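Visitor: Would you be able to build a 3D model of this:
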Amino acid sequence: MAGRVEEAGGEAPAIQTVQRAATILQAFSASRPRLTLTELTADLKISRATAHRYARALRAANLLRFDVATATYTLGPQILAMEAAARAALPIVTAAEPYLDRLMQATNLTTVLSVWNGEAPTVVRCMDNTTGDVRLSVRTGSPLDLTRSAQGRVFCAYLPSTQSPVVARQLRGSASLRAVVAQVLRDGYAVNSPEDFGVRVLAAPVYEHGQVVAALAVLGTDAALAGAAQATAAGHLVEVAGELSEGLGSAVG
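Guide: Coordinates of the predicted model:
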């Protein structure tokens with residue numbers, strides 16, 4: 001028992017270090033490509049000295065760059081190599097690009113691709129719609145709630161129970177989730193409910209060689225996806241998800 005306690009205690013600082021480094025990297029986005037040390041400190045909720053120490057270590061690993069002229073940090077060149085490796089490991093991201101764009105053009109909504117990480121959906125690509133008055137986006141790498149998100153509900157409905165014990169447990173323990181799954185199977189797409197922060201999301205399954213591998217989604221405001229507008233967007237979504245599935249080698253009936 002003593003050995004276990006010591007091991008757990010020894011792992012905790014290392015886990016915290018990784019989590020803080022990940023928080024720094026995740027603070028950057030297309031809308032926030034440059035951040036000051038003060039901004040990084042605020043995101044981490046730690047002291048300026050600690051934030052500087054982490055930033056220095058990430059710079060040494062080429063994961064961050066520092067611009068002396070503007071006193072701002074940006075993501076480093078090693079991130080590009082990591083992105084290329086991630087895309088190579090997830091070829092569906094590249095394959096889905098034209099379908100995401102087609103769906104965005106057809107619906108005038110932001111489109112999102114998520115894959116299963118073993119316990120929940122994770123966003124791997126987001127294509128923002130910039131033509132409307134309100135711009136909605138989801139950060140790449142964001143995990144999504146298994147039972148509340150539309151994407152999570154897609155996986156609850158279409159993942160075989162043998163592949164996902166966590167989904168099987170949720171379904172066994174929740175009659176309301178079983179009812180939601182039945183509706184998803186009937187309609188061919190899922191809706192997040194309750195809609196968080198006035199945002200409505202519709203998601204449909206994507207198959208590769210007969211197995212569900214991703215969820216394709218559109219997101220907009222409640223107003224943009226109300227009534228007939230939701231039905232129209234859902235039609236486009238299911239159609240494009242089917243076309244992507246066919247492109248990945250799955251016949252869609």
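Visitor: Name the residues of stretch 147-163 that come out as buried.
Guide: Using 16 or more other Cβ atoms under 10 Å as the burial criterion, the residues of stretch 147-163 that qualify are 147, 149, 150, 151, 152, 153, 154, 155, 156, 157, 158, 159. Glycine gets a C-beta too; all of them are placed from N, C-alpha and C.
Visitor: Can you tell me which of these is nearest residue 77?
Guide: Of all the buried residues of stretch 147-163, residue 151 has the smallest distance to residue 77: 31.4 Å, by Cβ to Cβ.
Visitor: Wait, a helix at the closest one?
Guide: Yes. Applying DSSP: H, G, I helix; E, B strand; the rest coil, one finds residue 151 inside a helix.
Visitor: from what I can see it touches residue 219, true?
Guide: No. Judged on Cβ atoms under 8 Å, residue 151 makes no contact with residue 219 at a distance of 10.1 Å.
Visitor: tell me, what's touching the two both at once?
Guide: Both residue 151 and residue 219 are in contact with 112, 201, where contact means Cβ atoms under 8 Å, 6 or more residues apart in numbering.
Visitor: re the thing from before, looking at the buried residues of stretch 147-163, which one is closest to residue 182?
Guide: residue 157 (8.3 Å).
Visitor: pretty sure the closest one contacts residue 190?
Guide: Yes. Between residue 157 and residue 190 there is a contact at 6.8 Å, judged by Cβ under 8 Å.
Visitor: Next, show the common contact partners of those two.
Guide: Shared contacts of residue 157 and residue 190, defined by Cβ under 8 Å, 6+ apart, comprise residue 184.
Visitor: Let me see the ranges of the strands in the stretch 101-250 of the chain.
Guide: Here the stretch 101-250 of the chain has its strands, by DSSP state E, counting those that start in this stretch, at 110-116, 121-127, 190-191, 199-208, 211-221.
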